[in-house]
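Q: Sequence and predicted structure are below.
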Amino acid sequence: MHLVVNGKFTAQRLTGVQRVACELMRAVGCADSAADEIELAVPNNAVESAAPLDRLRRVPWLKGDLWEQIALPLATRGELLLSLCNSGPVFKRRHVVMIHDMAVYDTPHTFSWLFRTWYRIKFALLIRHAPILLTVSKFSKTRICELLGADESRVRVVRPSVGHFGRIVSDGAIVERLGLSNVKYCVIVGSLDPRKNLPRVLAAVERLGHLRDVKFVVVGGANARVFARAGLDVSDAQARASNVEIVRAGYVSDGELKALYEHAACLAFPSLYEGFGLPPLEAMFCGCPAIVSTHPAVAEACADAAMYCDAGSIEDIAAKIEQMLTDDALRASYREKGLRHAHAHGWDRAARELIKILKGETYETEPAMAVRSPA
């Protein structure tokens with residue numbers, strides 16, 4: 001199977017989308033007997049240590065979107081190209097594209113005007129030229145078909161995994177550095193992207209000042225070039241007045257994040273919109289119970305292994321966090337369920353699904369994950 005992979009992600013900061021591309025290609029390289037025929041096309045500013053495949057094809061002209069739209073298709077004329085990060089050369093023939101979500105349509109207010117306009121144009125053109133679209137959940141498949149008019153037979157689901165956390169070496173120094181040793185704390189992950197619902201989570205946390213010796217750790221930051229400014233500036237003044245201690249960790253390494261999960265009492269992830277939702281599964285993998293929203297993609301990913309809350313209700317978010325922090329038996333139960341769920345499937349399964357699609361074999365849908373129907 002001769003295949004060229006769009007390696008633009010090797011020159012980008014590692015977020016959820018880039019993580020999926022990197023881990024999926026690493027798993028394909030390990031699983032496919034013909035992996036030596038797969039090349040990763042990368043720009044000149046690629047970070048080689050971020051490349052998940054050994055065979056690299058340097059495409060030295062241009063960078064960023066110009067590299068992807070001009071240099072990459074010229075360098076791969078007549079070859080099958082796989083793009084895994086919501087983007088790809090819009091006029092490329094023989095092109096398989098992974099679109100993770102339809103957020104630029106479903107939550108347009110959370111993006112800058114320029115970003116959402118450019119991505120809507122790209123999606124409209126990609127749907128015309130890519131014979132197969134990949135996505136990460138049944139929810140995203142439904143939205144792609146509804147919003148882009150794609151036939152269901154053209155959209156295939158390849159679910160991500162969090163098995164990569166097994167390779168990450170935990171960096172426990174961050175626990176001591178942030179003053180979290182021997183402290184019960186709740187992790188809040190998801191950046192200041194408005195879709196992650198951080199203002200409402202912090203408002204819920206303000207109501208928990210009566211819980212003594214508990215801290216709340218906020219992990220992540222904001223990308224002002226992509227996300228709209230509304231809702232990004234959150235003050236800690238009210239939290240201090242409520243006797244709540246909030247620790248802002250900012251961006252952390254994978255090893256630091258793993259350590260934070262391993263020592264945390266729980267994760268709060270009441271996201272308003274996701275294509276899949278990796279953070280709750282990453283937390284579960286590390287033995288950290290997860291409190292999540294009832295958003296369909298999150299429920300699809302977490303099944304019955306997470307505690308659910310109403311992401312639009314400050315009161316319910318606060319109640320569920322308090323319940324998880326104060327009920328030791330409940331917390332232990334969700335810890336065990338989360339561990340079983342997150343460890344059930346690895347990236348090798350996703351790699352097999354992808355290989356089958358790319359080789360043009362009959363696509364057989366595996367039994368869907370059990371999806372909890374939130375009350």
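A: That came through fine.
Q: so where do the strands sit in the protein?
A: Assigned by DSSP state E, the chain shows strands spanning 3-6, 38-42, 56-58, 81-83, 95-98, 132-135, 155-157, 184-189, 214-219, 245-250, 266-269, 290-293, 307-309.
Q: what pLDDT does L133 get?
A: As summarised for this prediction, L133 has a pLDDT of 95.
Q: got it, and the one 5 residues further on?
A: The model reports K138 with a pLDDT of 97.
Q: doesn't V157 make contact with it?
A: Yes: counting by Cβ atoms under 8 Å, a contact exists between K138 and V157, whose distance comes to 6.1 Å. C-beta: built from backbone N, CA, C; applies to glycine.
Q: Which residue of the two possesses the greater neighbour count?
A: For K138 against V157, the residue with the higher neighbour count under other Cβ atoms under 10 Å is V157, and the figures read 21 against 17.
Q: Show me the beta-bridge partners of that one.
A: In this structure, V157 has beta-bridge partners T135, where bridges are defined by DSSP bridges.
Q: Spit out the contact partners of it.
A: The contact partners of V157, taken as Cβ atoms under 8 Å, 6 or more residues apart in numbering, are L134, T135, V136, S137, K138, S140, K141, T365.
Q: Against L126, how distant is it?
A: For V157, the distance to L126 (Cβ to Cβ, to the nearest Å) stands at 17 Å.
Q: how many other residues sit next to G78?
A: Look at G78: counted by other Cβ under 10 Å, it has 6 neighbours.
Q: swap in the one 4 residues further on?
A: By the measure other Cβ under 10 Å, the count of residues near L82 is 26.
Q: Grab the nearest non-local neighbour of V244.
A: Take V244 and drop its neighbours on the chain: the residue closest to it by Cβ to Cβ, 6 or more residues apart in numbering is G209, 4.9 Å away.
Q: okay, now the one you found: neighbour count?
A: 15.
Q: next one: phi and psi at it?
A: Torsion angles at G209 (phi, psi; degrees, to the nearest 10) stand at phi -60, psi -20.
Q: Got the confidence number for it?
A: pLDDT, the model's per-residue confidence, is 91 for G209.
Q: hey, where'd the helices end up in the stretch 151-300 of the chain?
A: Listed in chain order, the helices found in the stretch 151-300 of the chain under DSSP state H, counting those that start in this stretch are 173-177, 198-205, 237-241, 254-263, 278-285, 296-302.
Q: Show me the contact partners of the first one.
A: Meaning helix 173-177. With contacts defined as Cβ under 8 Å, 6+ apart, helix 173-177 is touched by S181, A249, V252, E256, A259, L260, H263.
Q: most surrounded residue in those?
A: For the contacts of helix 173-177, neighbours were counted using other Cβ under 10 Å, and L260 has the most, 28 neighbours in all.
Q: In this structure that residue contacts V247, no?
A: No: at 10.0 Å, L260 and V247 do not qualify as touching, with contact defined as Cβ under 8 Å.
Q: shared neighbours of those two, anything?
A: L180, V217.
Q: What pLDDT is listed against P73?
A: On the pLDDT scale, P73 is placed at 97.
Q: Confirm for me that it is in contact with F91.
A: Yes: P73 is within contact range of F91, at 6.7 Å (criterion: Cβ under 8 Å).
Q: Those two - which one has more neighbours?
A: Set P73 next to F91 and count neighbours by other Cβ under 10 Å: P73 wins out with 20 against 11.
Q: do you know how far the more buried one is from G220?
A: Using Cβ to Cβ, P73 is found at 34 Å from G220.
Q: picking that back up, between the contacts of helix 173-177, which is nearest S87?
A: The shortest distance between S87 and any of the contacts of helix 173-177, using Cβ to Cβ, involves V252 and amounts to 26.2 Å.
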